[in-house]
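Colleague: Pasting a predicted model and its sequence here:
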Amino acid sequence: MMTCREAHRMVIRRLDVRLSPGQRLGLRLHLLICAACRGFDRQMAFLRKACRQFPGNQ
């Protein structure tokens, strides 16, 4: 089973590269059972969206 530390690394990594099917599955399973990591995942998605909308970032 993936640890929270590994899940955090995968959440960050998938912002830049496509994860392998095994990595995606492992992360998805971890996020199903870990509320803290789900929150971290949502925060990272929010930050990415906010950075894309920042003026001068076109």
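Modeller: In hand now; what should we look at? Residues are numbered from 1 along each chain as shown.
Colleague: the helices in the chain, which residues?
Modeller: Listed in chain order, the helices found in the chain under DSSP state H are 4-13, 21-33, 35-52.
Colleague: would a markdown table of those helices with mean neighbour count be doable?
Modeller: Any C-beta I mention is one placed from the backbone N, CA and C, and that applies to glycine too. Shown next, in a markdown table, are the helices of the chain (neighbours: other Cβ atoms under 10 Å):
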| stretch | mean neighbour count |
| --- | --- |
| helix 4-13 | 15 |
| helix 21-33 | 14 |
| helix 35-52 | 12 |
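Colleague: With mean pLDDT as added columns, please give these in a markdown table.
Modeller: Below are the helices of the chain laid out as a markdown table (pLDDT from 0 to 100):
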| stretch | mean pLDDT |
| --- | --- |
| helix 4-13 | 97 |
| helix 21-33 | 97 |
| helix 35-52 | 94 |
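Colleague: Residue 8 contacts residue 39, correct?
Modeller: No. Look at residue 8 against residue 39 with Cβ atoms under 8 Å: they stay out of range, at 11.1 Å.
Colleague: who touches the residue nearest to residue 29 when sequence neighbours are not counted in this structure?
Modeller: Nearest non-adjacent residue to residue 29, counting by Cβ to Cβ, 6 or more residues apart in numbering: residue 2, 7.3 Å away. Neighbour list for residue 2: 10, 26, 27, 29, 30 [criterion: Cβ atoms under 8 Å, 6 or more residues apart in numbering].
Colleague: let's see it at 7 Å
Modeller: 26, 27, 30 (Cβ atoms under 7 Å, 6 or more residues apart in numbering).
Colleague: And the residue nearest the centre of the chain, how far from residue 42?
Modeller: With distances taken as Cα atoms, centre = their mean, residue 11 lies nearest the centre of the chain, 2.4 Å away. Distance of residue 11 to residue 42, computed by Cβ to Cβ, to the nearest Å: 10 Å.
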